[in-house]
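**Q** predicted model and sequence below, questions to follow.
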Amino acid sequence: MNALLLEKVLTSAKNVSVLVLGDVMLDQYIYGTIDRISPEAPVQVVNWREQRSGLGGAANVANNLAQLGCHVFLAGVVGSDATAEELLNTARAMGINTAGVVTDADRPTTLKTRVIAHRQQVIRIDREGGSQISDGSAKVLLDRVRKYIPSVDGIILSDYAKGVLRSDFCASVIQAGSSNHKRVLVDPKGDDFRKYRGAFLLTPNKAELGRATQLPVRNEDEIRAAIACLFSQTECEAILVTRSEEGMSLYTRTGSETHIQTEARDVFDITGAGDTVISMIARVFFAGQDLETAARLANIAAGIKVGKFGAAAVSVEEISAAIRQRENEGTRKVVELSQAKQLVSLARSQGRKVVFTNGCFDLLHAGHVQLLQKAKALGQVLIVAINDDASVRQTKGNGRPLISAMDRARIIAALEAVDHVIIFSGLTPLHLIEELRPDVLVKGGNYNLEEVIGRKEVEKYGGRVVLIPTIDTQSSSQIIKEIVTRYQLANESSG
């Protein structure tokens with residue numbers, strides 16, 4: 001299936017309702033800096049800067065589904081503590097129905113605290129019960145789950161081996177799903193996948209496949225043998241193996257295989273990638289599409305996720321933007337404003353600084369190239385806005401531009417320093433600056449700060465404006481005049 005058809009499937013798929021059941025947890029992130037070693041012990045001292053929290057485990061699956069436009073019912077077990085309160089409040093704020101979550105005062109809510117310094121994880125601290133839920137909690141949870149099953153399109157079991165998905169509990173849920181003609185998708189964990197017997201789809205990674213079957217998975221033949229063993233153990237209909245840089249492989253009980261190349265460009269953080277995969281599969285498959293299409297879209301979503309920090313959700317808009325980029329790699333840098341906003345949002349989620357500059361660029365010369373190279377050095381993502389033909393004509397005169405806007409955009413996009421190009425109408429790019437809110441606004445050294453359009457707006461929200469001195473070279477207008485003069489002289493001398 002080509003990229004345009006994938007995008008059509010994604011954007012036109014009906015809204016679905018999904019029951020997510022499993023180990024819910026809260027992810028806590030403490031950010032700081034390190035510049036010294038403690039005098040008390042040979043350990044680094046982290047200077048606290050800020051603290052954030054997000055949904056983790058099965059709750060992150062629910063969050064991913066909610067961001068994809070699904071109606072989500074979340075079921076699991078939490079403790080009677082402040083962590084549970086924060087988790088449930090956060091989930092409800094995301095539009096997730098948490099009526100299926102059971103409180104057990106004898107268990108702590110699972111909390112994973114990650115300390116981050118200089119964009120690196122320094123240490124992770126886990127607070128969890130470490131045992132299976134009690135018979136009483138399992139009974140209450142199962143009663144709540146059975147009430148939701150008839151009204152949803154499908155079920156996800158998100159297993160993080162924290163004690164909620166006991167073998168008997170999984171069997172009861174899968175049986176209830178089967179009785180109501182609801183398919184069950186499982187993101188598995190542990191050494192024994194037989195507890196998922198009767199589920200429709202399992203999504204292990206390659207290492208988990210090896211542990212569950214006690215078989216080697218070093219090459220394709222060994223993986224196929226492990227897959228055959230897992231089909232025998234679980235009687236499931238399909239298995240999707242996530243294989244890191246090798247992409248994904250979808251196997252069905254009927255013997256078909258589909259291998260999908262990875263979409264990841266820069267791997268920043270794999271946390272929550274499995275949650276993204278199973279969420280996208282559910283979003284597409286429960287809407288009536290085939291598993292291969294669902295897996296291909298999940299692969300694209302996972303490629304976006306690993307470029308983000310933490311257990312972050314991926315939106316339909318981000319996936320659509322990625323699909324459109326892949327469809328035409330030759331012109332993928334030339335984007336519309338809506339795409340540019342999505343790309344800026346993605347860059348910010350990755351902690352990347354956005355730089356913005358603009359110009360006519362009618363006849364690209366060495367001064368332009370140097371300006372763009374120095375602008376890119378001020379951040380990680382450089383967006384170049386170029387005037388459309390009408391605004392160039394209004395600014396430079398009726399004889400301009402010599403090169404059409406799209407051709408100018410393609411020329412600028414071919415430069416290594418440039419990440420995205422956007423064509424704008426009007427005499428100034430002020431509306432683009434206000435929409436994109438770049439971290440750094442750049443102009444050439446032939447301007448002064450008071451002349452820079454957008455300076456006040458950028459500085460108001462904390463951005464900065466940088467004037468870059470350019471090399472002593474002719475302007476495009478001077479080059480054009482020189483070409484005309486030389487051409488005329490050449491004609492006169494030849495006459």
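**A** On my side now, so go ahead. Predicted model, so just to flag it, every value in this text is computed and none were measured.
**Q** for the closest residue to Gly163 other than its chain neighbours, what are its contacts?
**A** Nearest-residue entry for Gly163: Gln132, 4.2 Å, with adjacent residues in sequence omitted and distances by C-beta to C-beta, 6 or more residues apart in numbering. C-beta coordinates here come from the backbone N, C-alpha and C atoms, glycine included. Going by C-beta atoms under 8 Å, 6 or more residues apart in numbering, Gln132 touches 163-164, 166.
**Q** between these, which is closest to Arg107?
**A** Gly163 (7.9 Å; C-beta to C-beta).
**Q** and the closest one, which of the three is it?
**A** coil (DSSP: H, G, I helix; E, B strand; the rest coil).
**Q** same question, Thr293
**A** Looking at Thr293 with three-state DSSP, the answer is helix.
**Q** separation between it and Arg410?
**A** Applying C-beta to C-beta, to the nearest Å, the value for Thr293 to Arg410 is 32 Å.
**Q** likewise Gly136?
**A** Taken as C-beta to C-beta, the span from Gly136 to Arg410 is 66 Å.
**Q** quick one, phi/psi of the residue nearest to Gly163?
**A** The phi/psi pair for Gln132 (degrees, to the nearest 10) reads phi -70, psi 150.
**Q** again with Gln233
**A** phi -70, psi -40.
**Q** show me where the stretch 1-150 of the chain has its helices.
**A** 3-12, 58-67, 82-93, 135-148 (DSSP state H, counting those that start in this stretch).
**Q** got those helices as JSON lines, with mean pLDDT and mean neighbour count columns?
**A** Below are the helices of the stretch 1-150 of the chain laid out as JSON lines (pLDDT from 0 to 100; neighbours: other C-beta atoms under 10 Å):
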{"stretch": "helix 3-12", "mean pLDDT": "65", "mean neighbour count": "16"}
{"stretch": "helix 58-67", "mean pLDDT": "93", "mean neighbour count": "29"}
{"stretch": "helix 82-93", "mean pLDDT": "96", "mean neighbour count": "17"}
{"stretch": "helix 135-148", "mean pLDDT": "95", "mean neighbour count": "16"}
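**Q** would you mind giving those helices as JSON lines with distance to Arg211 added?
**A** Shown next, in JSON lines, are those (distance: least, C-beta to C-beta, whole Å):
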{"stretch": "helix 3-12", "distance to Arg211": "32"}
{"stretch": "helix 58-67", "distance to Arg211": "21"}
{"stretch": "helix 82-93", "distance to Arg211": "29"}
{"stretch": "helix 135-148", "distance to Arg211": "25"}
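**Q** out of those helices, flag the one nearest Thr254.
**A** Nearest to Thr254, of the helices of the stretch 1-150 of the chain and by C-beta to C-beta, is helix 3-12 at 22.4 Å.
**Q** nearest residue to Tyr160 other than its sequence neighbours?
**A** Closest to Tyr160 by C-beta to C-beta, 6+ apart is Asp23, at 3.9 Å.
**Q** residues near that neighbour, how many?
**A** 23 (other C-beta atoms under 10 Å).
**Q** contacting residues for the nearest residue to Leu88 once chain neighbours are set aside?
**A** Excluding the flanking residues, the one nearest Leu88 by C-beta to C-beta, 6+ apart is Thr98, at 5.1 Å. Going by C-beta under 8 Å, 6+ apart, Thr98 touches 74, 88, 91-92.
**Q** would you list those residues in CSV and tack on distance to Ala377?
**A** Formatted as CSV, these follow (distance: C-beta to C-beta, whole Å):
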residue, distance to Ala377
Leu74, 45
Leu88, 45
Ala91, 42
Arg92, 44
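**Q** now, which of those sits nearest Thr252?
**A** Proximity of the contacts of Thr98 to Thr252, judged by C-beta to C-beta, is greatest for Leu74, which lies at 29.2 Å.
**Q** what pLDDT does Ile116 get?
**A** With respect to pLDDT, Ile116 scores 89.
**Q** ok, what's across the strand from the closest residue to it other than its chain neighbours?
**A** Nearest non-adjacent residue to Ile116, counting by C-beta to C-beta, 6+ apart: Tyr31, 5.0 Å away. Beta-bridge pairing of Tyr31 under DSSP bridges involves Glu50, Ile116.
**Q** which SSE is immediately downstream of the host helix or strand of Ser391?
**A** Using DSSP states H and E, Ser391 sits within helix 389-396. Under the assignment DSSP H and E, the closest C-terminal helix or strand after helix 389-396 is helix 405-413.
**Q** contacts for that following helix next, please.
**A** So helix 405-413 is contacted by 331, 333-334, 360-362, 364, 372, 384, 386-389, 392, 401, 403, 418, 421, 423 (C-beta under 8 Å, 6+ apart).
**Q** got the angle between it and helix 389-396?
**A** Here helix 405-413 runs at an angle of 80 degrees relative to helix 389-396 (axes from the mean of the first three to the mean of the last three C-alpha atoms, to 10 degrees).
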